[in-house]
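A.B. asks: Using only what follows, build the 3D model:
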Amino acid sequence: MLVFPLLRAPLRGSVSVTGTAVLRPSVKWRFYQYSTANITRRQRKLEGVEEKTAEKKLSQLVSQQKVTEAEVLFTEMSKNNLLTPESYNSMFSLLSKHPHTEKITELKRKMSEAGLLPTRVSRLAEIRCALFLRNYEAAEEIFQSSISEKLVSGTMYDDLIRFFASAKNVKKAEYYFSHMKENYTGNIPALVFGSMLNLYKNTENLDKFSGIVEEIQKTTQNSWQRYKLSNILKEHGSFPFSDYLIKYSQPNSEYVKRVEEYLRQMSEKNIIPTLEAANSVLSMYSRNGYIKHAQQFFGEMLKNSQIPSQVALNDLVSMYAKIGNVSETEYLIRNFSHLRLDEFTYNSVVCMYAKSGDLEKSETYFLEMTQNDVALTEATANRLLRLYLVHENLAEKAERLCDYMINSEIKIWDETIRHCQIENAEFVGYQQDQRSLSETEHPNTEQEWNDTIIHLAQKFKAEKAESMYRKMISANFVPEPATFYALINLSGKTGDAEKAEYYMRELESHGVDPDVMIYNALFNAYCHSGDLKKAEMVFFHIVSMEKGGSNMITSHIY
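C.D. replies: Model prediction:
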């Protein structure tokens, strides 16, 4: 039974034979209008419910980063005409985190067909996609379009700055950072500051790094933003001096300058290097023969209650042993109970005592080497053999050591042969073979070049030493301070002051800081050549350097 409560006019009409009411035409039209309007309203209401439900479900899938399911739902919504601007934004937001060029291009096309203009979210997705493909030029073009469309967001700046900062492109990162400060009205994201701090860390720009830190500290933003910035400072706000000390503690004169500059800056800021960094620096000074630097830095470590590691102490002991400083060598071995000598240090110590003629201590450490299965180096074996040959009652030991050197294929030097007082055809023949090899072969590594030049200088072969030095420079190898010392010392002993001055100029051109030992060698050269005026100048310079210098010079004067 139909009820029409909204019909104003009463139902008037004839009654059929069967008793059924027959509506007049005017009443029929009014009934049709009412029914159609009611159905349309119900349909629109139903579509609205479906639209909101679909949009809500799409938002959930986007927040859950379910790309495939979101794409399927988006396609269904498109077929049923349920898409809204929010739907497009949701998909762009999803694709901005999962960049895909073709999908973003297709979504832009659909958005344009729907008569919708680009949004901040769509532009951000395009920028992120371009950056993902490392196409920073396209990203910059999209950013410029966003500026003209007034769709720029802080996230766009953040992405561009972080991209260029990670690529260590200082110029671009600084441009967008300054552009953001001038044109962006919102708060600068904390991550942007973090990116700039990391950029200046990685490019080792301390001044600009400090400027960003000061800028963060002076910020007047809201409390939540200040909290995030304080976390950025905790995480990135300290310049990694110690990391760079470890990085540049290498046998390279340019690296030594960097290390010294960082140490100076740390001293100004009252920053103490970490123990690992300090050990690296001490080893670098010791291995490269920077005696004065090593002494000073070792003292600073002890002042800071930092005990050097096994490696650093071995390098320091080996340095003192190589220059024949018995007192410092014995002090370190005696006062650092945790020190366990390694192969290089053992050899340096035995060689030092052998040079000084201390047979007892040479044999003591040589015995320790044997017990610890430490192999003799060429220099140590030759020095020890010469020490045995000086004493007639040690001929038997000399023979055994000689046999050991031959069996171990350790080269026996010409100097050692001249001191040899035993008849040993095998020994002499082996040495001749080694001599012929050394004349035809050239050093392969930087260390071999330095060792060869030092060896030639110790044998007073000035011409060969100079020739090898020039070949070494031509081969782009870097001489060690010990090599310069050997060459200047040789010039000093031969009285060739001009040659000593030449090597001093070479030393300075390679960024090596002359120490007391080198100045003593130069002093000898002037003394032997009779140039007393220059000898006096060097003398007073050494006295002004450190107390030990005058004592060392005195022995040369006498």
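
A.B. asks: my guess is Phe132 meets Pro99, correct?
C.D. replies: Yes. Between Phe132 and Pro99 a contact is recorded at 3.9 Å, counting by CB atoms under 8 Å. C-beta coordinates here come from the backbone N, C-alpha and C atoms, glycine included.

A.B. asks: Next one, pLDDT for Lys303 please.
C.D. replies: On the pLDDT scale, Lys303 is placed at 90.

A.B. asks: With the one 4 residues further on instead?
C.D. replies: As predicted, Ile307 sits at a pLDDT of 89.

A.B. asks: Could you do the one 10 residues further on as well?
C.D. replies: Per-residue confidence (pLDDT) for Val317: 88.

A.B. asks: Which helix or strand contains it?
C.D. replies: Element membership for Val317 (DSSP states H and E) is helix 310-322.

A.B. asks: Pull out the buried positions in the next helix or strand after that helix.
C.D. replies: Once the chain leaves helix 310-322, the next helix or strand it forms, by DSSP H and E, is helix 326-335. Residues of helix 326-335 classed as buried: Val326, Glu328, Thr329, Glu330, Leu332, Ile333 (neighbour count, 16 or more other CB atoms under 10 Å).

A.B. asks: Was I right to think Lys411 contacts Glu378?
C.D. replies: Yes. Between Lys411 and Glu378 there is a contact under CB under 8 Å: 5.4 Å.

A.B. asks: Now do the helix holding Val317 against helix 326-335, angle only.
C.D. replies: 150 degrees (axes from the mean of the first three to the mean of the last three CA atoms, to 10 degrees).

A.B. asks: From here on, call the first residue 255.
C.D. replies: Got it, the first residue is 255 from now on, which makes the last one we talked about helix 564-576.

A.B. asks: Packing partners of helix 564-576?
C.D. replies: With contacts taken as 3 or more CB pairs under 8 Å, 6 or more residues apart in numbering; DSSP states H and E, helix 564-576 sits against helix 529-541, helix 545-557, helix 580-589, helix 597-610.

A.B. asks: export those to a markdown table and tack on distance to Asp461?
C.D. replies: Formatted as a markdown table, the helices and strands packed on helix 564-576 follow (distance: least, CB to CB, whole Å):
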| stretch | distance to Asp461 |
| --- | --- |
| helix 529-541 | 21 |
| helix 545-557 | 25 |
| helix 580-589 | 39 |
| helix 597-610 | 40 |
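
A.B. asks: right, and these - which one's nearest Phe620?
C.D. replies: helix 597-610 (5.4 Å; CB to CB).

A.B. asks: buried set for that closest one?
C.D. replies: By 16+ other CB under 10 Å, the buried positions in helix 597-610 come out as 597-609.

A.B. asks: ok, which pair from the residues you listed is furthest apart?
C.D. replies: Maximum pairwise distance in those, criterion CB to CB, is 18.7 Å, between Glu597 and Lys609.

A.B. asks: pull the CA atoms of the helix or strand harbouring Tyr756 into PDB?
C.D. replies: Here Tyr756 sits within helix 751-763, counting by DSSP H and E. Extracted C-alpha coordinates of helix 751-763, given in PDB (Å, rounded to 0.1, in the frame of the first residue of the first chain):
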ATOM      1  CA  ALA A 751     129.300  22.200   3.000                       C
ATOM      2  CA  GLU A 752     127.700  23.100  -0.400                       C
ATOM      3  CA  LYS A 753     126.300  19.600  -0.700                       C
ATOM      4  CA  ALA A 754     125.000  19.700   2.900                       C
ATOM      5  CA  GLU A 755     123.200  23.000   2.100                       C
ATOM      6  CA  TYR A 756     121.800  21.500  -1.100                       C
ATOM      7  CA  TYR A 757     120.200  18.600   0.900                       C
ATOM      8  CA  MET A 758     118.900  21.100   3.500                       C
ATOM      9  CA  ARG A 759     117.100  23.000   0.700                       C
ATOM     10  CA  GLU A 760     115.700  19.700  -0.600                       C
ATOM     11  CA  LEU A 761     114.600  18.800   2.900                       C
ATOM     12  CA  GLU A 762     112.700  22.100   3.300                       C
ATOM     13  CA  SER A 763     111.100  21.700  -0.100                       C
END
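
A.B. asks: Asn343: what's its closest spatial neighbour, skipping adjacent residues?
C.D. replies: In space, and not counting its chain neighbours, Asn343 is closest to Val375: 4.5 Å by CB to CB, 6 or more residues apart in numbering.

A.B. asks: So Pro483 sits against Thr473, correct?
C.D. replies: Slight slip there: residue 483 is Leu, not Pro. Yes. Leu483 lies in contact with Thr473 (CB under 8 Å); the separation is 6.0 Å.

A.B. asks: These two: who's more crowded?
C.D. replies: Remark: of Leu483 and Thr473, Leu483 carries more neighbours, 22 against 15, as counted by other CB atoms under 10 Å.

A.B. asks: so how far is Pro494 from the residue sitting nearest the centre point of the chain?
C.D. replies: Most central in the chain under CA atoms, centre = their mean is Lys501, positioned 5.9 Å from the mean C-alpha point. Relative to Pro494, Lys501 is positioned 9 Å away (CB to CB, to the nearest Å).

A.B. asks: what's the burial count for the residue nearest to Phe328 when sequence neighbours are not counted?
C.D. replies: Once flanking residues are discounted, Phe328 sits nearest to Met345: 5.6 Å by CB to CB, 6+ apart. Other residues within reach of Met345 by the criterion other CB under 10 Å amount to 27.

A.B. asks: how far is the helix or strand Asp461 falls within from where the chain is centred?
C.D. replies: Asp461 is part of helix 460-471 when elements are defined by DSSP H and E. Centroid separation for helix 460-471 versus its chain: 21 Å, with CA atoms, centre = their mean, to the nearest Å.

A.B. asks: CA atoms only for it, dumped as CSV, please.
C.D. replies: The C-alpha trace of helix 460-471 is given here as CSV (Å, rounded to 0.1, in the frame of the first residue of the first chain):
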residue,chain,number,x,y,z
LEU,A,460,86.1,23.9,10.9
ASP,A,461,85.3,27.6,10.6
LYS,A,462,82.0,27.1,8.8
PHE,A,463,81.2,24.1,11.1
SER,A,464,81.6,26.4,14.1
GLY,A,465,79.4,29.0,12.4
ILE,A,466,76.5,26.5,12.1
VAL,A,467,76.9,25.5,15.7
GLU,A,468,76.7,29.1,16.8
GLU,A,469,73.7,29.6,14.6
ILE,A,470,71.9,26.7,16.3
GLN,A,471,72.8,27.9,19.7
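
A.B. asks: Report all helices and strands that it contacts.
C.D. replies: Helix 460-471 is packed against helix 444-456, helix 477-490, with contacts defined by 3+ CB pairs under 8 Å, 6+ apart.

A.B. asks: most tightly surrounded among those helices?
C.D. replies: Greatest average neighbour count among the helices and strands packed on helix 460-471 goes to helix 444-456 (a mean of 22), per mean count of other CB atoms under 10 Å.
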